[in-house]
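Q: Below is the structure, and that's it, no one-letter string:
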C-alpha cells in the first residue's frame, strides 16, 4: 500500500510539473510555429532541467500535427542543439534516456543518424531494440531489414507477433528484399512474418516464391499464410493452386482456401465452393456459406435454397444465419 501511494504521489507531482511547464511555454511554442523565429532561439530559452517536460509535450504534437506545422515542429529537433543532445544520450546508462533519444532521432534523416541507430540494434535490451527498429522504419532505412531480422531471430523472448509489429512499420520498399530472403530463410517464424508482410503490401511479384512454399512446405501455418497471400493479391494464376487446397485434409486449410477463392471471385471454382457447404467440418461449412453469399447470383441463389429448406439440417441453419447477418450489415 505504501508503494502504491508513493507511486501515485510521484505521478501527481510529475503531472503538476508538466502542467506548469505547459502553462508557461505553450504560447511560446505555438508562437514559434507561426513565426519566423529561429528554432534555436526557442530551445536556448528553455532550461535543460525542463527538457523532459518539453519532450513529453512535443511527442503529443508530433503525433497530431501534419504538413507545414509538423515540419516546423521537427526543426526544433533537427536544426537546434537538441540534435547533438539526443545523439549524446544514445550512450547513456539510463534506459529511459536512451529510448527517448532513439525516438526523437527518427526525425533527423541523415546517414549519420541511421548508422548510429543501426549500431544500437545490438543492444541486449528489448525495448531499446524495438524502439530502434521503429525509428529506422520511420527513416525508411529498409536496406537494414535483413540485419533486423537476423538479430530478431537471436532474441528468444521476441515472438513472431512482436517482430511483425515492428517490421510492418516499414513501407513496401522492403518487399523485394523480403522476397529474396524467402529463398534461403530457414526459420518458420520469420517466413511467416515475411509472407504476412508481403500480403499486407499486396506485393504480387512474390507469387512464384509463395507458390513454392505452398507446395513444398508441410507446415500448416505456412500453407494457410501462403493461401491468404494468394487471396490478398487476387492473382488469377493462383486459381489451380487454390483448387487443390480446397480438398486439403486439414479443415483450417480448406477454410483459408475458400476465403481466398471468395476474394479472387473466379467463377471456375464456384461449383467447388458450393459443394463445401456439405463439408463435414462446421467451420468449412460456414466459410463456404459466406463465400456463396457474395460470389455470384448463382451461388447466392443456392444459399437461399438451403435457407428456405424446412428440414432443419445444419446447412439450412447456417445459410439462414449468414443471410441474416449479411443483410443486417448491408443495411447499417
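A: Received it, and whenever you're ready, just let me know what you need. Because the structure is predicted, anything quoted here is derived from the model rather than measured.
Q: What is the burial count for residue 322?
A: 22 (other CB atoms under 10 Å). No exception for glycine: its C-beta is placed from N, CA and C like everyone else's.
Q: Excluding covalently adjacent residues, which one is nearest to residue 148?
A: residue 133 (5.6 Å; CB to CB, 6 or more residues apart in numbering).
Q: Let me see the contact set for the one you found.
A: By CB atoms under 8 Å, 6 or more residues apart in numbering, the contact set of residue 133 is 121, 148, 166, 167, 169.
Q: Mind giving me the PyMOL command for buried ones among these?
A: Applied in PyMOL, the following selects the buried portion of those according to 16 or more other CB atoms under 10 Å:
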select buried, resi 121+148+166+167
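Q: Just to be sure, which of the contacts of residue 133 are found in helices?
A: 148, 166, 167 (DSSP state H).
Q: Tabulate those residues (TSV), appending distance to residue 212 and pLDDT.
A: Output for the ones in helices among the contacts of residue 133, formatted as TSV (distance: CB to CB, whole Å; pLDDT from 0 to 100):
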residue	distance to residue 212	pLDDT
148	24	96
166	26	94
167	22	95
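Q: ok, back up a step: residue 38: which of the contacts of residue 133 is nearest?
A: residue 169 (32.3 Å; CB to CB).
Q: what comes into contact with stretch 261-275?
A: Under CB under 8 Å, 6+ apart, the answer for stretch 261-275 is 230-232, 234-236, 238-239, 242-243, 246, 258, 288, 290-292, 294-296, 298-299, 302.
Q: about what we covered before: for the helix or strand containing the residue nearest to residue 148, give the mean pLDDT please.
A: Per DSSP states H and E, residue 133 falls inside helix 126-138. Across helix 126-138, the average pLDDT comes to 95.
Q: Stretch 49-59 now?
A: For stretch 49-59, the mean pLDDT works out to 86.
Q: buried set for that stretch?
A: For stretch 49-59, burial by neighbour count (16+ other CB under 10 Å) applies to 51, 52, 53, 54, 55, 57, 58.
Q: Please convert those to a markdown table, extending it with distance to residue 21 and secondary structure.
A: Converted to a markdown table, the buried residues of stretch 49-59 look like this (distance: CB to CB, whole Å; DSSP: H, G, I helix; E, B strand; the rest coil):
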| residue | distance to residue 21 | secondary structure |
| --- | --- | --- |
| 51 | 10 | helix |
| 52 | 9 | helix |
| 53 | 4 | helix |
| 54 | 7 | helix |
| 55 | 11 | helix |
| 57 | 7 | helix |
| 58 | 11 | helix |
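Q: and which of the residues you listed is nearest to residue 160?
A: Residue 160 lies nearest to residue 55 out of these, by CB to CB, at 32.1 Å.
Q: Just give the closest residue to that closest one, not the sequence neighbours.
A: Counting by CB to CB, 6+ apart, residue 100 is the residue found nearest to residue 55 once chain neighbours are left out, at 6.1 Å.
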